[in-house]
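Engineer: Structure, please.
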Amino acid sequence: MRNFILILIFIHALFLFPFLKPGIPLSHDGAGHVARMGAYYKALKDGQVPPRWAGDLNFRYGTPVFIFNYNLPYFAGTLFYMLGLNLEDSFKLMLGMAFILSGVGFFLWALQIVNRNAAFIGALLFGLSPYHFLNVFVRGALGEIIGLAIVPFIFWQIERMIKENKLSNIFLAGILYGFLILSHNGSAVIFSPVFLLYFIFRTKRKFQLVSLFTFFTIGFLISAYFWLPAILESKYVQGVSAIGEMYKQHFPPFSYLLYSNWDFGPDVNATNGLSPQVGIILFVFVFVATLKFFKHRDNTLGFWLVIFAVSIFLTTSLSNVIWSNIIFLKILEFPWRFTALSSLTAAIIASLIINSMKNQKIVYLVIITLLLTSFLFTKTNVQNKKDDAYYYSYTGSTVYRGATSTIWSGVPFEIPGNRVEIISGNGQISNLFIKSNLHSFRVTADSDVRILDNTFYFRGWRVKIDGQKAPIEFQDINHRGLITFYVPQGEHRVEVIFEESPIRFVSNVISLIAIVGILLLFVCFYYFCNVIDFFFR
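Structural biologist: Have a look, this model is predicted:
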């Protein structure tokens with residue numbers, strides 16, 4: 001097994017040769033992700049644990065981007081950055097590792113179901129699927145590629161839970177599920193129902209449903225610090241209204257899923273648009289599997305063929321009525337995201353077909369064809385190198401259509417002249433100190449003065465004057481969504497501080513208790529409480 005994994009790592013790494021060039025390829029989201037990674041590092045350095053507010057993004061007015069966008073990719077990237085890599089190299093390393101691990105994870109999962117050769121080919125078909133190349137070289141979709149790398153590892157643990165039903169497998173599956181939520185919430189939305197259906201389909205003992213409940217619960221608890229505030233505080237940002245019904249513009253024709261021209265535009269239906277293809281090779285295996293199913297009524301093939309059909313249906317305009325009525329689908333923005341599910345489903349179908357083949361010569365033909373055609377997807381757009389200072393001074397919000405802009409604010413187009421200023425009354429501001437979550441300064445006022453802090457207000461911002469809380473106004477029509485407050489005559493020390501809101505504090509406690517509890521149970525299980533495993537058998 002080790003040799004197969006090493007070969008998979010080597011083959012996948014070969015297709016990452018464009019990353020050997022300096023800089024990163026010009027992609028839809030790449031620069032934004034690198035800038036967000038830099039903002040995440042700044043927030044951590046400023047004492048935000050976990051990071052919530054990116055103070056320098058959004059033309060220096062700040063944005064609560066880390067409340068609503070997955071955190072794990074930036075945390076991992078920050079670790080590489082702290083080890084000495086620059087931001088661009090940290091980004092490329094994250095993309096590359098995820099690209100490689102997707103194939104490794106699939107192999108470990110498929111090996112629980114089929115023979116090694118079939119698992120190996122399936123891993124190549126999934127790892128080198130066009131959608132992976134799309135995410136790496138065209139979209140620069142850091143969160144999604146990491147999420148897709150985690151998904152097969154979750155299936156692997158589900159198989160182990162079903163076969164062994166050990167507490168350690170349940171915990172590991174739950175931790176991985178939590179990582180998926182923290183890596184890409186869209187992928188979690190797409191794959192969670194499949195995890196549920198797969199477990200129910202594979203298990204033969206009703207008692208094991210307790211394991212399923214435990215696995216999902218662990219994932220939700222350890223990631224609660226992210227998804228709970230993201231849901232409950234979403235009413236304070238543009239969110240769904242900014243995205244609107246964008247999905248209607250991104251239904252690809254069915255033929256595009258078979259094959260479409262490989263290009264770099266964001267509009268799937270434009271002549272230079274991105275390609276959402278699953279690929280002809282995978283469709284051939286699905287066709288063969290369909291014929292075999294109607295001949296032999298193989299339940300496992302039938303299960304995956306149904307999932308594949310549903311994923312294709314949700315990708316095309318035939319599913320418009322469903323998209324228009326389910327808000328979680330609208331948040332996904334692009335129906336062609338379901339190509340991720342189609343690709344994984346088709347790859348496991350291919351593994352099952354190859355496993356049943358007597359003539360293994362077809363295996364070599366598949367490998368050669370796959371490797372030759374996959375190099376066509378390594379084409380990159382213009383590649384430029386930027387230093388870290390470029391990303392630290394990034395002025396965008398890093399989110400599409402300002403989805404994390406507050407409901408009280410407008411869209412900024414330039415950096416404010418002053419971070420903090422007096423807008424009424426007479427006085428002076430001195431000793432200004434700025435961090436992402438703290439603005440401190442001294443005010444010497446000849447009369448009562450009104451202060452404008454050019455930061456967009458969001459729940460958690462507080463003003464303290466000489467250590468005492470002061471009221472904030474953020475709905476002034478002349479300073480829309482910005483923090484303003486009054487300081488009385490005299491000399492005063494002022495602090496504008498970003499703190500956790502009650503819901504964010506509670507969600508942090510939930511996740512902390514869950515993580516500590518899991519660690520304690522692991523210690524208990526391995527050293528003192530082997531009897532627990534007996535009750536889960």
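
Engineer: and the residue of the chain most remote from its centre, what does it touch?
Structural biologist: Centroid-distance maximum for the chain: residue 446 at 50.8 Å, with Cα atoms, centre = their mean. Taking Cβ atoms under 8 Å, 6 or more residues apart in numbering, we find residue 446 in contact with 425, 426, 427, 489. Placement of C-beta: from N, CA and C, glycine included.

Engineer: Retrieve the pLDDT associated with it.
Structural biologist: As summarised for this prediction, residue 446 has a pLDDT of 92.

Engineer: Adding secondary structure, pLDDT and distance to residue 224 as columns, could you present the contacts of residue 446 in JSON lines?
Structural biologist: Output for those, formatted as JSON lines (DSSP: H, G, I helix; E, B strand; the rest coil; pLDDT from 0 to 100; distance: Cβ to Cβ, whole Å):
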{"residue": "425", "secondary structure": "coil", "pLDDT": "93", "distance to residue 224": "44"}
{"residue": "426", "secondary structure": "coil", "pLDDT": "94", "distance to residue 224": "49"}
{"residue": "427", "secondary structure": "strand", "pLDDT": "94", "distance to residue 224": "44"}
{"residue": "489", "secondary structure": "coil", "pLDDT": "94", "distance to residue 224": "46"}
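
Engineer: Closest one to residue 12 out of those, please.
Structural biologist: Nearest to residue 12, judged by Cβ to Cβ, of these is residue 427 at 61.6 Å.

Engineer: residue nearest the centroid of the protein?
Structural biologist: residue 184 (2.1 Å).

Engineer: Excluding chain neighbours, what is closest to it?
Structural biologist: residue 147 (3.3 Å; Cβ to Cβ, 6 or more residues apart in numbering).

Engineer: Likewise for residue 464?
Structural biologist: Closest to residue 464 by Cβ to Cβ, 6+ apart is residue 495, at 4.5 Å.

Engineer: follow-up on the earlier one: how far away is the residue farthest from the centre of the chain from residue 264?
Structural biologist: 58 Å (Cβ to Cβ, to the nearest Å).

Engineer: now residue 147
Structural biologist: 22 Å.

Engineer: More neighbours: those two, which one.
Structural biologist: Set residue 147 next to residue 264 and count neighbours by other Cβ atoms under 10 Å: residue 147 wins out with 29 against 20.

Engineer: who touches that one in this structure?
Structural biologist: 180, 183, 184, 186, 187, 188 are the contacts of residue 147 under Cβ under 8 Å, 6+ apart.

Engineer: neighbours around residue 448, how many?
Structural biologist: The burial count for residue 448: 14, using other Cβ under 10 Å.

Engineer: ok, now residue 204?
Structural biologist: Neighbours of residue 204 using other Cβ under 10 Å come to 6.

Engineer: Does it fall in a helix, a strand, or a coil region?
Structural biologist: coil (DSSP: H, G, I helix; E, B strand; the rest coil).

Engineer: Dihedrals phi and psi, it?
Structural biologist: Main-chain dihedrals, residue 204, degrees, to the nearest 10: phi -110, psi 0.

Engineer: Can you give me the pLDDT of it?
Structural biologist: 76.

Engineer: what's the spacing between residue 488 and residue 470?
Structural biologist: 9 Å.

Engineer: With neighbour numbers in mind, choose between the two.
Structural biologist: residue 470 (18 against 14).

Engineer: For my notes, confirm residue 484 occurs in a strand.
Structural biologist: Yes: according to three-state DSSP, residue 484 belongs to a strand.

Engineer: Does it touch residue 456 like I think?
Structural biologist: No: using Cβ atoms under 8 Å, residue 484 makes no contact with residue 456, being 11.9 Å away.

Engineer: returning to that earlier point: ok, the residue nearest to the centre of the chain - contacts?
Structural biologist: 70, 143, 144, 146, 147, 148.

Engineer: farthest pair in those?
Structural biologist: Maximum distance among the contacts of residue 184 (Cβ to Cβ): 13.0 Å, for 70 and 148.

Engineer: Show me where the stretch 401-537 of the chain has its helices.
Structural biologist: Per DSSP state H, counting those that start in this stretch, the stretch 401-537 of the chain has helices spanning 502-523, 531-535. These are given in chain order.

Engineer: Could you check the longest one and say which residues are buried?
Structural biologist: Of all the residues in helix 502-523, those buried under the rule 16 or more other Cβ atoms under 10 Å are 504, 506, 507, 508, 510, 511, 514, 515, 518, 521.

Engineer: ok, and the closest non-adjacent residue to the third one?
Structural biologist: To tie it back to what came earlier, the one meant is residue 507. residue 228 is the one closest to residue 507 (Cβ to Cβ, 6+ apart), at 4.0 Å.

Engineer: Chain neighbours aside, what residue packs nearest to residue 445?
Structural biologist: Residue 445's closest residue in space is residue 427 (Cβ to Cβ, 6+ apart), at 3.6 Å.

Engineer: sorry, back to before: for residue 484 and residue 456, work out which one has more neighbours and name it.
Structural biologist: Shown here are residue 484 and residue 456; by other Cβ under 10 Å, residue 456 has more neighbours (24 against 21).

Engineer: For residue 379, see how far away the more buried one is.
Structural biologist: On the measure of Cβ to Cβ, residue 456 and residue 379 end up 39 Å apart.

Engineer: And the helix or strand hosting residue 33, what does it pack against?
Structural biologist: Residue 33 is located in helix 30-45, with elements delineated by DSSP states H and E. Counting contacts by 3 or more Cβ pairs under 8 Å, 6 or more residues apart in numbering; DSSP states H and E, helix 30-45 is packed against strand 24-25, helix 65-68, helix 72-82, helix 87-110, helix 142-164, helix 388-392.

Engineer: Neighbouring strands of the first one in the sheet, and parallel or not?
Structural biologist: For strand 24-25, the paired strands and their directions (DSSP bridges) are strand 383-384 (antiparallel).

Engineer: next one: stretch 118-125 to chain centre, how far?
Structural biologist: Distance of stretch 118-125 from its chain centroid, counting by Cα atoms, centre = their mean, to the nearest Å, is 25 Å.
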